[in-house]
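Visitor: Got a predicted model here, sequence first, then my questions.
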Amino acid sequence: MGEDWCVEKLENLRIKENRTETLNEIRSRLNVQSSLENIVTDKLLKSSEIYDCLEDNTNVTSEQSDLAIDILSICMNQLTINQTDLPSLLERSLQHKNPKVRSLALNTILKELLRHPNASVAEDLILVIINCIEEHETSVGAPAVEILSILLAGKINKRQFKEALLSKLNQNDIVRCRLYEVAVNLSKISPSNLSELEEILNSAVEALENNDILLQVNVLEILSSLAGQNHGLVFLEQKQVFEKISNRVDEIEQNPLDRLLIPGIMKFFGKIAYSQPQKIITGYPKMVLCLFDCLHSADPTILPTAFDTLANLAYSQQGKLLLEANYESHLRQTFEDFFSYLRNLPTEMKNRAFNALEVVFTCQGEPSADVSKVLQKWYQILAGGQSLQFLADFCRNPFPDIKVACLNFIRALCRYRWGIVALKYTAGFVEYLIDRKVEFDKDAKYAKFEIIEILSESNVFDVQTQLQLKKYVNEGPYYVQPIVEIAVEGV
(Lines give C-alpha, C1' and ligand atoms only; values in the text may rest on other atoms or scores of the structure.)
Protein backbone atom coordinates (compact mmCIF):
# COMPACT_ATOMS: atom_id res chain seq x y z
CA MET A 1 0.00 0.00 0.00
CA GLY A 2 1.54 3.29 -1.06
CA GLU A 3 0.96 6.99 -0.60
CA ASP A 4 -0.52 7.36 -4.10
CA TRP A 5 -3.16 4.72 -3.39
CA CYS A 6 -3.99 6.44 -0.12
CA VAL A 7 -4.35 9.86 -1.77
CA GLU A 8 -6.63 8.37 -4.43
CA LYS A 9 -8.94 6.82 -1.83
CA LEU A 10 -9.12 10.00 0.20
CA GLU A 11 -10.11 11.87 -2.97
CA ASN A 12 -12.89 9.33 -3.51
CA LEU A 13 -14.20 9.98 0.00
CA ARG A 14 -15.03 13.53 -0.98
CA ILE A 15 -17.75 12.14 -3.24
CA LYS A 16 -20.47 11.33 -0.73
CA GLU A 17 -22.05 8.64 -2.90
CA ASN A 18 -18.73 6.72 -2.94
CA ARG A 19 -18.01 6.86 0.79
CA THR A 20 -19.27 3.47 1.93
CA GLU A 21 -17.59 1.59 -0.89
CA THR A 22 -14.33 3.50 -0.49
CA LEU A 23 -14.25 3.07 3.29
CA ASN A 24 -14.76 -0.67 2.82
CA GLU A 25 -11.87 -0.76 0.35
CA ILE A 26 -9.56 1.13 2.74
CA ARG A 27 -10.45 -1.07 5.71
CA SER A 28 -10.04 -4.28 3.71
CA ARG A 29 -6.63 -3.19 2.45
CA LEU A 30 -5.49 -2.17 5.93
CA ASN A 31 -6.60 -5.51 7.38
CA VAL A 32 -4.60 -7.61 4.92
CA GLN A 33 -1.46 -5.46 5.11
CA SER A 34 0.92 -6.99 7.67
CA SER A 35 2.72 -3.71 8.30
CA LEU A 36 1.69 -0.21 7.29
CA GLU A 37 3.94 2.57 6.09
CA ASN A 38 4.07 5.49 8.52
CA ILE A 39 3.24 7.91 5.75
CA VAL A 40 -0.03 6.03 5.11
CA THR A 41 -1.18 5.83 8.75
CA ASP A 42 -0.19 9.46 9.34
CA LYS A 43 -2.10 10.65 6.29
CA LEU A 44 -5.24 8.71 7.28
CA LEU A 45 -5.13 9.89 10.88
CA LYS A 46 -4.75 13.52 9.83
CA SER A 47 -7.14 13.41 6.88
CA SER A 48 -10.21 15.59 7.05
CA GLU A 49 -11.92 13.16 4.65
CA ILE A 50 -12.01 10.33 7.24
CA TYR A 51 -13.40 12.67 9.88
CA ASP A 52 -15.96 14.06 7.45
CA CYS A 53 -17.37 10.54 7.34
CA LEU A 54 -18.02 10.89 11.07
CA GLU A 55 -19.15 14.49 11.26
CA ASP A 56 -21.50 15.13 8.33
CA ASN A 57 -24.71 14.60 10.29
CA THR A 58 -27.03 14.75 7.27
CA ASN A 59 -25.19 12.24 5.12
CA VAL A 60 -23.32 9.86 7.44
CA THR A 61 -24.85 6.41 7.96
CA SER A 62 -24.06 4.20 10.95
CA GLU A 63 -22.20 1.86 8.59
CA GLN A 64 -19.97 4.69 7.38
CA SER A 65 -19.32 5.79 10.95
CA ASP A 66 -18.35 2.26 12.04
CA LEU A 67 -16.07 1.84 9.03
CA ALA A 68 -14.33 5.15 9.68
CA ILE A 69 -13.78 4.26 13.34
CA ASP A 70 -12.38 0.84 12.33
CA ILE A 71 -9.91 2.56 9.99
CA LEU A 72 -8.79 4.96 12.73
CA SER A 73 -8.40 2.03 15.13
CA ILE A 74 -6.18 0.08 12.72
CA CYS A 75 -4.01 3.14 12.11
CA MET A 76 -3.72 3.95 15.83
CA ASN A 77 -2.52 0.40 16.50
CA GLN A 78 0.58 1.29 14.48
CA LEU A 79 1.48 4.24 16.72
CA THR A 80 4.10 4.21 19.48
CA ILE A 81 4.16 6.38 22.58
CA ASN A 82 7.62 7.77 21.76
CA GLN A 83 6.58 9.30 18.42
CA THR A 84 7.31 13.01 18.44
CA ASP A 85 4.31 13.68 16.19
CA LEU A 86 1.89 11.73 18.41
CA PRO A 87 0.06 14.86 19.67
CA SER A 88 -0.65 16.07 16.13
CA LEU A 89 -1.73 12.59 14.98
CA LEU A 90 -4.23 12.22 17.83
CA GLU A 91 -5.24 15.85 18.29
CA ARG A 92 -8.41 15.68 16.21
CA SER A 93 -9.45 12.30 17.67
CA LEU A 94 -8.99 13.46 21.26
CA GLN A 95 -11.18 16.50 20.67
CA HIS A 96 -13.75 14.80 18.45
CA LYS A 97 -17.43 15.15 19.39
CA ASN A 98 -18.00 11.39 18.98
CA PRO A 99 -17.08 9.73 22.33
CA LYS A 100 -16.16 6.50 20.53
CA VAL A 101 -13.40 8.35 18.69
CA ARG A 102 -12.13 10.07 21.84
CA SER A 103 -12.19 6.76 23.71
CA LEU A 104 -10.30 5.07 20.89
CA ALA A 105 -7.49 7.64 21.02
CA LEU A 106 -7.23 7.50 24.82
CA ASN A 107 -7.13 3.72 24.92
CA THR A 108 -4.41 3.76 22.26
CA ILE A 109 -2.30 5.98 24.53
CA LEU A 110 -3.11 3.88 27.62
CA LYS A 111 -2.14 0.63 25.92
CA GLU A 112 1.22 2.08 24.93
CA LEU A 113 1.81 3.57 28.39
CA LEU A 114 1.16 0.24 30.08
CA ARG A 115 3.90 -1.21 27.87
CA HIS A 116 6.25 1.76 28.37
CA PRO A 117 5.28 3.52 31.64
CA ASN A 118 8.42 5.69 31.63
CA ALA A 119 7.86 7.02 28.12
CA SER A 120 8.10 10.75 27.54
CA VAL A 121 4.89 12.41 26.35
CA ALA A 122 4.50 15.95 25.06
CA GLU A 123 3.15 18.43 27.62
CA ASP A 124 0.49 19.69 25.20
CA LEU A 125 -0.89 16.16 24.92
CA ILE A 126 -1.01 15.79 28.71
CA LEU A 127 -3.02 19.00 29.00
CA VAL A 128 -5.50 17.73 26.39
CA ILE A 129 -5.90 14.49 28.37
CA ILE A 130 -6.48 16.43 31.60
CA ASN A 131 -9.41 18.11 29.86
CA CYS A 132 -10.77 14.68 28.93
CA ILE A 133 -11.72 13.97 32.56
CA GLU A 134 -14.49 16.53 32.04
CA GLU A 135 -16.21 14.24 29.55
CA HIS A 136 -19.58 12.86 30.59
CA GLU A 137 -18.96 9.47 28.98
CA THR A 138 -17.23 6.94 31.24
CA SER A 139 -15.58 5.39 28.18
CA VAL A 140 -13.64 8.66 27.85
CA GLY A 141 -13.21 9.71 31.48
CA ALA A 142 -12.03 6.35 32.85
CA PRO A 143 -9.02 5.85 30.53
CA ALA A 144 -8.11 9.53 31.00
CA VAL A 145 -7.85 8.92 34.76
CA GLU A 146 -5.62 5.87 34.21
CA ILE A 147 -3.37 7.73 31.78
CA LEU A 148 -2.93 10.73 34.07
CA SER A 149 -2.17 8.46 37.02
CA ILE A 150 0.82 7.21 35.03
CA LEU A 151 1.94 10.32 33.15
CA LEU A 152 1.84 12.76 36.08
CA ALA A 153 3.63 10.49 38.56
CA GLY A 154 6.84 12.53 38.39
CA LYS A 155 5.46 15.75 36.89
CA ILE A 156 2.80 16.93 39.33
CA ASN A 157 5.09 19.67 40.63
CA LYS A 158 4.90 21.39 37.24
CA ARG A 159 2.71 24.47 37.53
CA GLN A 160 0.76 24.04 34.28
CA PHE A 161 -0.36 20.51 35.17
CA LYS A 162 -1.24 21.36 38.76
CA GLU A 163 -3.25 24.41 37.68
CA ALA A 164 -5.05 22.40 34.98
CA LEU A 165 -6.11 19.84 37.60
CA LEU A 166 -7.15 22.46 40.15
CA SER A 167 -9.35 24.12 37.55
CA LYS A 168 -11.55 21.00 37.58
CA LEU A 169 -12.53 21.47 41.23
CA ASN A 170 -15.43 23.70 40.20
CA GLN A 171 -16.88 21.05 37.86
CA ASN A 172 -19.73 18.61 38.58
CA ASP A 173 -19.53 15.64 40.96
CA ILE A 174 -18.54 13.14 38.24
CA VAL A 175 -15.57 15.24 37.14
CA ARG A 176 -14.51 15.98 40.72
CA CYS A 177 -14.58 12.28 41.60
CA ARG A 178 -12.31 11.55 38.63
CA LEU A 179 -10.05 14.36 39.81
CA TYR A 180 -10.00 12.88 43.34
CA GLU A 181 -9.11 9.49 41.87
CA VAL A 182 -6.16 10.93 39.94
CA ALA A 183 -5.00 12.81 43.04
CA VAL A 184 -5.20 9.72 45.26
CA ASN A 185 -3.41 7.52 42.71
CA LEU A 186 -0.57 10.04 42.49
CA SER A 187 -0.48 10.75 46.24
CA LYS A 188 -0.03 7.06 47.03
CA ILE A 189 3.32 7.18 45.24
CA SER A 190 5.08 9.60 47.58
CA PRO A 191 4.57 12.13 50.40
CA SER A 192 5.81 14.89 48.08
CA ASN A 193 3.06 14.14 45.56
CA LEU A 194 0.51 14.19 48.37
CA SER A 195 1.78 17.58 49.46
CA GLU A 196 1.46 18.94 45.91
CA LEU A 197 -2.12 17.66 45.65
CA GLU A 198 -3.31 18.49 49.16
CA GLU A 199 -5.82 21.08 47.96
CA ILE A 200 -7.60 18.46 45.86
CA LEU A 201 -7.47 15.90 48.67
CA ASN A 202 -8.90 18.46 51.09
CA SER A 203 -11.80 18.93 48.71
CA ALA A 204 -12.37 15.15 48.72
CA VAL A 205 -12.43 15.11 52.53
CA GLU A 206 -14.89 18.02 52.56
CA ALA A 207 -17.14 16.08 50.16
CA LEU A 208 -17.73 13.59 52.99
CA GLU A 209 -19.81 16.32 54.67
CA ASN A 210 -21.95 16.71 51.54
CA ASN A 211 -25.65 15.86 51.66
CA ASP A 212 -25.38 13.71 48.54
CA ILE A 213 -25.11 10.11 49.81
CA LEU A 214 -23.97 8.75 46.44
CA LEU A 215 -21.14 11.29 46.27
CA GLN A 216 -20.05 10.37 49.80
CA VAL A 217 -19.99 6.65 48.94
CA ASN A 218 -17.87 7.28 45.84
CA VAL A 219 -15.43 9.53 47.72
CA LEU A 220 -15.10 6.98 50.52
CA GLU A 221 -14.12 4.30 48.05
CA ILE A 222 -11.58 6.58 46.37
CA LEU A 223 -9.98 7.68 49.66
CA SER A 224 -9.76 4.15 51.06
CA SER A 225 -6.82 3.22 48.84
CA LEU A 226 -4.87 6.24 50.14
CA ALA A 227 -4.77 4.64 53.60
CA GLY A 228 -2.74 1.73 52.24
CA GLN A 229 0.38 3.92 52.48
CA ASN A 230 1.65 5.22 55.82
CA HIS A 231 1.84 8.83 54.63
CA GLY A 232 -1.70 8.54 53.27
CA LEU A 233 -2.94 7.09 56.55
CA VAL A 234 -1.30 9.95 58.46
CA PHE A 235 -3.03 12.48 56.18
CA LEU A 236 -6.45 10.91 56.74
CA GLU A 237 -5.87 10.84 60.50
CA GLN A 238 -4.82 14.49 60.52
CA LYS A 239 -8.02 15.36 58.68
CA GLN A 240 -9.98 13.28 61.24
CA VAL A 241 -11.59 11.22 58.47
CA PHE A 242 -11.87 8.11 60.64
CA GLU A 243 -13.54 9.99 63.47
CA LYS A 244 -15.97 11.69 61.10
CA ILE A 245 -17.07 8.40 59.59
CA SER A 246 -17.20 6.63 62.94
CA ASN A 247 -19.43 9.40 64.32
CA ARG A 248 -21.77 9.03 61.34
CA VAL A 249 -22.24 5.37 62.30
CA ASP A 250 -22.79 6.29 65.94
CA GLU A 251 -25.51 8.78 64.99
CA ILE A 252 -27.21 6.58 62.43
CA GLU A 253 -30.52 6.61 64.31
CA GLN A 254 -30.72 10.40 64.06
CA ASN A 255 -30.04 10.33 60.32
CA PRO A 256 -31.80 7.31 58.79
CA LEU A 257 -30.56 8.17 55.29
CA ASP A 258 -27.01 7.53 56.51
CA ARG A 259 -27.86 3.81 56.50
CA LEU A 260 -27.28 4.00 52.77
CA LEU A 261 -23.67 4.84 53.60
CA ILE A 262 -23.07 1.65 55.60
CA PRO A 263 -21.83 -0.53 52.70
CA GLY A 264 -19.45 2.25 51.60
CA ILE A 265 -18.21 2.73 55.17
CA MET A 266 -17.66 -1.02 55.49
CA LYS A 267 -15.60 -1.05 52.29
CA PHE A 268 -13.56 1.92 53.50
CA PHE A 269 -12.62 0.41 56.84
CA GLY A 270 -12.26 -3.07 55.37
CA LYS A 271 -9.70 -1.95 52.79
CA ILE A 272 -7.69 -0.24 55.49
CA ALA A 273 -7.93 -3.26 57.82
CA TYR A 274 -6.49 -5.44 55.04
CA SER A 275 -3.08 -3.83 55.55
CA GLN A 276 -3.59 -2.16 58.96
CA PRO A 277 -5.71 -4.63 61.00
CA GLN A 278 -4.71 -3.32 64.42
CA LYS A 279 -5.57 0.23 63.44
CA ILE A 280 -9.21 -0.69 62.80
CA ILE A 281 -9.88 -3.67 65.08
CA THR A 282 -8.59 -2.04 68.26
CA GLY A 283 -8.85 1.63 67.30
CA TYR A 284 -12.42 1.79 65.96
CA PRO A 285 -14.60 -0.68 67.86
CA LYS A 286 -17.78 1.11 66.70
CA MET A 287 -16.92 0.19 63.14
CA VAL A 288 -16.24 -3.45 63.95
CA LEU A 289 -19.48 -3.72 65.93
CA CYS A 290 -21.30 -2.14 62.98
CA LEU A 291 -19.81 -4.84 60.77
CA PHE A 292 -21.06 -7.61 63.06
CA ASP A 293 -24.52 -6.00 63.09
CA CYS A 294 -24.47 -6.17 59.29
CA LEU A 295 -23.35 -9.81 59.37
CA HIS A 296 -26.15 -10.72 61.77
CA SER A 297 -28.78 -8.75 59.87
CA ALA A 298 -29.43 -11.23 57.00
CA ASP A 299 -30.01 -8.13 54.84
CA PRO A 300 -29.16 -9.21 51.26
CA THR A 301 -28.29 -5.63 50.28
CA ILE A 302 -25.57 -5.41 52.95
CA LEU A 303 -24.32 -8.99 53.36
CA PRO A 304 -22.03 -9.15 50.30
CA THR A 305 -20.07 -6.11 51.47
CA ALA A 306 -20.09 -7.41 55.06
CA PHE A 307 -18.65 -10.76 53.91
CA ASP A 308 -15.86 -8.99 52.03
CA THR A 309 -15.11 -6.68 54.96
CA LEU A 310 -14.83 -9.57 57.41
CA ALA A 311 -12.41 -11.23 54.99
CA ASN A 312 -10.30 -8.05 54.93
CA LEU A 313 -10.25 -7.79 58.72
CA ALA A 314 -9.22 -11.45 59.08
CA TYR A 315 -6.84 -11.53 56.11
CA SER A 316 -3.62 -11.39 58.16
CA GLN A 317 -2.64 -13.63 61.06
CA GLN A 318 -2.58 -10.55 63.28
CA GLY A 319 -6.12 -9.69 62.21
CA LYS A 320 -7.40 -13.18 63.07
CA LEU A 321 -5.86 -13.09 66.57
CA LEU A 322 -7.09 -9.54 67.28
CA LEU A 323 -10.65 -10.41 66.25
CA GLU A 324 -10.69 -13.48 68.49
CA ALA A 325 -9.21 -11.54 71.42
CA ASN A 326 -11.65 -8.62 71.18
CA TYR A 327 -14.86 -9.99 69.64
CA GLU A 328 -15.13 -13.66 70.60
CA SER A 329 -18.87 -13.72 71.26
CA HIS A 330 -19.66 -11.81 68.06
CA LEU A 331 -17.53 -14.21 66.04
CA ARG A 332 -19.40 -17.19 67.48
CA GLN A 333 -22.70 -15.69 66.38
CA THR A 334 -21.22 -14.77 62.99
CA PHE A 335 -20.06 -18.30 62.16
CA GLU A 336 -23.40 -19.70 63.31
CA ASP A 337 -24.99 -17.18 60.91
CA PHE A 338 -22.69 -18.38 58.11
CA PHE A 339 -23.91 -21.94 58.63
CA SER A 340 -27.47 -20.73 58.07
CA TYR A 341 -26.55 -18.44 55.16
CA LEU A 342 -24.77 -21.22 53.27
CA ARG A 343 -27.95 -23.27 53.36
CA ASN A 344 -30.51 -20.57 52.66
CA LEU A 345 -29.01 -17.77 50.57
CA PRO A 346 -29.27 -17.61 46.76
CA THR A 347 -26.39 -19.27 44.88
CA GLU A 348 -24.55 -16.03 44.08
CA MET A 349 -24.57 -15.01 47.75
CA LYS A 350 -23.43 -18.48 48.81
CA ASN A 351 -20.45 -18.11 46.48
CA ARG A 352 -19.63 -14.74 48.05
CA ALA A 353 -19.85 -16.30 51.52
CA PHE A 354 -17.58 -19.19 50.55
CA ASN A 355 -15.07 -16.78 49.01
CA ALA A 356 -14.99 -14.77 52.25
CA LEU A 357 -14.56 -17.91 54.34
CA GLU A 358 -11.70 -19.04 52.11
CA VAL A 359 -9.85 -15.78 52.88
CA VAL A 360 -10.66 -15.94 56.60
CA PHE A 361 -9.25 -19.48 56.89
CA THR A 362 -6.20 -18.86 54.68
CA CYS A 363 -2.90 -17.82 56.24
CA GLN A 364 -0.26 -15.76 54.55
CA GLY A 365 2.89 -17.67 55.41
CA GLU A 366 3.24 -20.49 57.93
CA PRO A 367 0.41 -20.21 60.51
CA SER A 368 1.40 -19.94 64.15
CA ALA A 369 0.09 -22.51 66.62
CA ASP A 370 -2.20 -19.85 68.12
CA VAL A 371 -3.71 -18.96 64.73
CA SER A 372 -4.27 -22.62 63.85
CA LYS A 373 -6.03 -23.15 67.19
CA VAL A 374 -8.27 -20.08 66.63
CA LEU A 375 -9.22 -21.21 63.13
CA GLN A 376 -10.02 -24.72 64.33
CA LYS A 377 -12.36 -23.23 66.92
CA TRP A 378 -14.04 -21.03 64.28
CA TYR A 379 -14.49 -23.97 61.97
CA GLN A 380 -16.08 -26.13 64.67
CA ILE A 381 -18.59 -23.35 65.34
CA LEU A 382 -19.28 -23.00 61.61
CA ALA A 383 -19.68 -26.73 61.00
CA GLY A 384 -21.46 -27.54 64.23
CA GLY A 385 -18.98 -30.39 64.78
CA GLN A 386 -15.70 -31.92 63.72
CA SER A 387 -16.30 -33.29 60.20
CA LEU A 388 -16.76 -31.71 56.76
CA GLN A 389 -20.10 -33.41 56.24
CA PHE A 390 -22.08 -30.22 55.75
CA LEU A 391 -19.63 -29.18 53.02
CA ALA A 392 -19.80 -32.53 51.23
CA ASP A 393 -23.33 -31.73 50.10
CA PHE A 394 -22.13 -28.55 48.35
CA CYS A 395 -19.39 -30.49 46.56
CA ARG A 396 -22.05 -32.69 44.98
CA ASN A 397 -24.05 -29.66 43.87
CA PRO A 398 -24.77 -29.76 40.11
CA PHE A 399 -23.77 -26.09 39.70
CA PRO A 400 -20.00 -25.81 39.07
CA ASP A 401 -19.61 -22.31 40.58
CA ILE A 402 -20.89 -23.25 44.04
CA LYS A 403 -18.98 -26.53 43.90
CA VAL A 404 -15.69 -24.82 43.06
CA ALA A 405 -16.22 -22.14 45.73
CA CYS A 406 -16.79 -24.87 48.33
CA LEU A 407 -13.77 -26.90 47.17
CA ASN A 408 -11.57 -23.81 47.40
CA PHE A 409 -12.73 -23.30 50.98
CA ILE A 410 -11.95 -26.94 51.77
CA ARG A 411 -8.49 -26.49 50.25
CA ALA A 412 -7.91 -23.62 52.74
CA LEU A 413 -8.99 -25.89 55.62
CA CYS A 414 -6.60 -28.62 54.48
CA ARG A 415 -3.63 -26.33 55.09
CA TYR A 416 -4.02 -27.35 58.75
CA ARG A 417 -3.64 -30.82 60.19
CA TRP A 418 -7.00 -30.54 61.96
CA GLY A 419 -8.63 -29.79 58.59
CA ILE A 420 -7.17 -32.93 57.01
CA VAL A 421 -8.25 -35.00 60.02
CA ALA A 422 -11.78 -33.58 59.69
CA LEU A 423 -11.80 -34.57 56.01
CA LYS A 424 -10.51 -38.07 56.83
CA TYR A 425 -13.39 -38.71 59.21
CA THR A 426 -16.05 -37.41 56.83
CA ALA A 427 -17.62 -40.58 55.49
CA GLY A 428 -17.02 -41.14 51.78
CA PHE A 429 -15.28 -37.81 51.18
CA VAL A 430 -11.84 -39.13 50.25
CA GLU A 431 -13.52 -41.60 47.90
CA TYR A 432 -15.46 -38.73 46.30
CA LEU A 433 -12.28 -36.73 45.77
CA ILE A 434 -10.35 -39.50 44.01
CA ASP A 435 -13.29 -40.68 41.90
CA ARG A 436 -12.67 -39.16 38.47
CA LYS A 437 -15.99 -40.37 37.07
CA VAL A 438 -18.12 -37.94 39.09
CA GLU A 439 -16.55 -34.70 37.83
CA PHE A 440 -16.93 -33.13 34.38
CA ASP A 441 -16.25 -29.43 34.97
CA LYS A 442 -12.64 -28.41 34.30
CA ASP A 443 -12.42 -25.90 37.17
CA ALA A 444 -13.90 -28.37 39.63
CA LYS A 445 -11.42 -31.04 38.52
CA TYR A 446 -8.54 -28.70 39.18
CA ALA A 447 -9.95 -27.60 42.56
CA LYS A 448 -10.18 -31.27 43.61
CA PHE A 449 -6.63 -31.87 42.36
CA GLU A 450 -5.27 -29.02 44.52
CA ILE A 451 -6.88 -30.57 47.61
CA ILE A 452 -5.54 -34.04 46.79
CA GLU A 453 -2.08 -32.57 46.24
CA ILE A 454 -2.12 -31.25 49.83
CA LEU A 455 -3.52 -34.51 51.21
CA SER A 456 -0.85 -36.57 49.45
CA GLU A 457 1.87 -34.76 51.41
CA SER A 458 0.26 -35.40 54.81
CA ASN A 459 0.81 -38.36 57.14
CA VAL A 460 -2.80 -38.64 58.29
CA PHE A 461 -3.96 -41.48 56.02
CA ASP A 462 -3.18 -45.19 55.92
CA VAL A 463 -0.62 -46.49 53.42
CA GLN A 464 -3.17 -47.66 50.83
CA THR A 465 -5.02 -44.33 50.78
CA GLN A 466 -1.73 -42.46 50.64
CA LEU A 467 -0.70 -44.44 47.55
CA GLN A 468 -4.03 -43.68 45.86
CA LEU A 469 -3.60 -39.97 46.56
CA LYS A 470 -0.05 -39.90 45.18
CA LYS A 471 -1.13 -41.86 42.10
CA TYR A 472 -3.87 -39.28 41.47
CA VAL A 473 -1.36 -36.43 41.75
CA ASN A 474 1.11 -38.14 39.39
CA GLU A 475 -1.63 -38.62 36.79
CA GLY A 476 -2.58 -34.95 36.91
CA PRO A 477 -5.91 -33.12 37.29
CA TYR A 478 -7.40 -34.02 33.90
CA TYR A 479 -6.32 -37.65 33.52
CA VAL A 480 -8.89 -39.86 31.80
CA GLN A 481 -8.76 -43.60 32.40
CA PRO A 482 -8.46 -45.51 29.11
CA ILE A 483 -11.34 -47.75 28.08
CA VAL A 484 -10.14 -51.33 27.90
CA GLU A 485 -11.52 -53.22 24.91
CA ILE A 486 -11.82 -57.02 25.27
CA ALA A 487 -11.60 -59.07 22.09
CA VAL A 488 -14.30 -61.74 21.78
CA GLU A 489 -13.65 -64.78 19.60
CA GLY A 490 -15.77 -64.92 16.48
CA VAL A 491 -16.62 -61.21 16.48
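Guide: Yep, that arrived.
Visitor: for this protein, which spans come out with low pLDDT?
Guide: 1, 34-36, 56-60, 251-258, 386, 483-491 (pLDDT under 70).
Visitor: If we go by neighbour counts, what in stretch 131-151 is buried?
Guide: When burial is assessed from 16 or more other CB atoms under 10 Å, stretch 131-151 yields the following buried residues: 132-135, 140-151. (C-beta placed from N, C-alpha, C; glycine too.)
Visitor: Actually, stretch 424-437.
Guide: By neighbour count, and taking 16+ other CB under 10 Å as the criterion, the buried residues in stretch 424-437 are 424, 426, 429, 430, 433, 436.
Visitor: Not counting its own residues, what contacts it?
Guide: Where contact means CB atoms under 8 Å, 6 or more residues apart in numbering, the residues beyond stretch 424-437 that reach it are 386-389, 392, 395-396, 423, 438, 445, 448, 451-452, 455, 460-461, 465, 468-469, 472, 479-481.
Visitor: Try it again at 10 Å.
Guide: Residues external to stretch 424-437 that are found in contact with it (CB atoms under 10 Å, 6 or more residues apart in numbering): 383, 386-392, 395-396, 407, 410, 422-423, 438-439, 445, 448-449, 451-452, 455, 458, 460-462, 465, 468-469, 471-472, 475, 477-481.
Visitor: which among these end up buried?
Guide: Using 16+ other CB under 10 Å, the buried members of the contacts of stretch 424-437 are 383, 387-389, 391-392, 395, 407, 410, 422-423, 439, 445, 448-449, 451-452, 455, 458, 461, 465, 468-469, 472, 477.
Visitor: In helices, which of these fall?
Guide: 383, 389, 391-392, 395, 407, 410, 422-423, 445, 448-449, 451-452, 455, 465, 468-469, 472 (DSSP state H).
Visitor: how much space between residue 218 and residue 105?
Guide: Between residue 218 and residue 105 the computed distance is 26 Å (CB to CB, to the nearest Å).
Visitor: Likewise for residue 342?
Guide: Note on residue 342: its distance to residue 105, by CB to CB, is 48 Å.
Visitor: out of those two, which sits in the busier spot?
Guide: The residue with more neighbours, out of residue 342 and residue 105 and counting by other CB atoms under 10 Å, is residue 105; that gives 27 against 21.
Visitor: ok, for the more buried one, nearest residue in space, not its chain neighbours?
Guide: Taking CB to CB, 6 or more residues apart in numbering as the measure, residue 105 lies nearest to residue 93, with 3.8 Å between them; neighbours along the chain are not counted.
Visitor: the helices in the stretch 1-150 of the chain, which residues?
Guide: Listed in chain order, the helices of the stretch 1-150 of the chain (DSSP state H, counting those that start in this stretch) span 3-13, 19-32, 38-46, 48-55, 62-76, 86-94, 99-115, 123-132, 138-151.
Visitor: The longest one: which residues count as buried?
Guide: Of the residues in helix 99-115, those scored as buried under the neighbour-count criterion (16+ other CB under 10 Å) are 100-110, 112-113.
Visitor: try the third one
Guide: Under the neighbour-count criterion of 16+ other CB under 10 Å, helix 38-46 has 40, 41, 42, 43, 44, 45, 46 buried.
Visitor: now swap in the first one and tell me
Guide: Burial within helix 3-13, assessed by neighbour count using 16+ other CB under 10 Å, is assigned to 6, 9, 10, 12, 13.
Visitor: Double-check the first one against residue 29; I have them as touching.
Guide: Yes - using CB atoms under 10 Å, residue 6 and residue 29 qualify as a contacting pair, with a distance of 9.3 Å.
Visitor: any idea how far residue 341 is from residue 406?
Guide: Here the distance between residue 341 and residue 406 works out to 13 Å (CB to CB).
Visitor: just residue 110 next, same as before
Guide: Here the distance between residue 110 and residue 406 works out to 38 Å (CB to CB).
Visitor: same question, residue 315
Guide: Between residue 315 and residue 406 the distance is 20 Å, computed by CB to CB.
Visitor: Which residue of those two possesses the greater neighbour count?
Guide: For residue 315 versus residue 406, the count of surrounding residues by other CB under 10 Å is larger for residue 406: 26 against 20.
Visitor: In contact with the more buried one, which residues?
Guide: Contacts of residue 406 were listed using CB under 10 Å, 6+ apart, and they are 342, 350-351, 354, 357-358, 388, 391-397, 444, 447.
Visitor: mind listing what's buried in stretch 238-251?
Guide: By neighbour count on 16+ other CB under 10 Å, the buried set for stretch 238-251 is 239, 241, 242, 245, 246, 248, 249.
Visitor: hmm, I was thinking of stretch 271-287
Guide: Under the neighbour-count criterion of 16+ other CB under 10 Å, stretch 271-287 has 271, 272, 273, 274, 275, 276, 277, 279, 280, 281, 284, 287 buried.
Visitor: again, but for stretch 352-368
Guide: Within stretch 352-368, the residues that count as buried by 16+ other CB under 10 Å are 352-363, 367.
Visitor: any idea what sits nearest residue 207, other than its immediate chain neighbours?
Guide: On the basis of CB to CB, 6+ apart, the spatially nearest residue to residue 207 that is not a chain neighbour turns out to be residue 219, at 4.6 Å.
Visitor: go on, residue 213?
Guide: Counting by CB to CB, 6+ apart, the nearest residue to residue 213 once its immediate chain neighbours are dropped is residue 260, at 4.8 Å.
Visitor: what about the one you found, how many neighbours?
Guide: The local packing of residue 260 (other CB under 10 Å) involves 13 other residues.
Visitor: Contact partners for it?
Guide: 213, 214, 216, 217, 301.
Visitor: Going through the residues you listed, which ones are buried?
Guide: For the contacts of residue 260, a burial check counting by 16+ other CB under 10 Å picks out 216, 217.
Visitor: my guess is residue 120 meets residue 80, correct?
Guide: No - here residue 120 lies out of contact with residue 80, judged by CB under 10 Å, at a distance of 11.8 Å.
Visitor: roughly how far apart are residue 47 and residue 338?
Guide: When CB to CB is applied, the distance between residue 47 and residue 338 equals 62 Å.
Visitor: Please say which of the two ends up with more neighbours.
Guide: Neighbour comparison, residue 47 and residue 338: the larger count goes to residue 338, with 23 against 19 (by other CB under 10 Å).
Visitor: which residues touch the residue nearest to that one when sequence neighbours are not counted?
Guide: On the basis of CB to CB, 6+ apart, the spatially nearest residue to residue 338 that is not a chain neighbour turns out to be residue 382, at 5.6 Å. Under the criterion of CB under 10 Å, 6+ apart, the contact list for residue 382 reads 332, 334-339, 342, 357, 360-361, 390-391, 409.
Visitor: With distance to residue 54 added, can I get the buried residues of helix 99-115 in JSON lines?
Guide: Rendered in JSON lines, the data for these read as follows (distance: CB to CB, whole Å):
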{"residue": "100", "distance to residue 54": "9"}
{"residue": "101", "distance to residue 54": "7"}
{"residue": "102", "distance to residue 54": "11"}
{"residue": "103", "distance to residue 54": "13"}
{"residue": "104", "distance to residue 54": "11"}
{"residue": "105", "distance to residue 54": "13"}
{"residue": "106", "distance to residue 54": "16"}
{"residue": "107", "distance to residue 54": "17"}
{"residue": "108", "distance to residue 54": "16"}
{"residue": "109", "distance to residue 54": "19"}
{"residue": "110", "distance to residue 54": "22"}
{"residue": "112", "distance to residue 54": "23"}
{"residue": "113", "distance to residue 54": "25"}
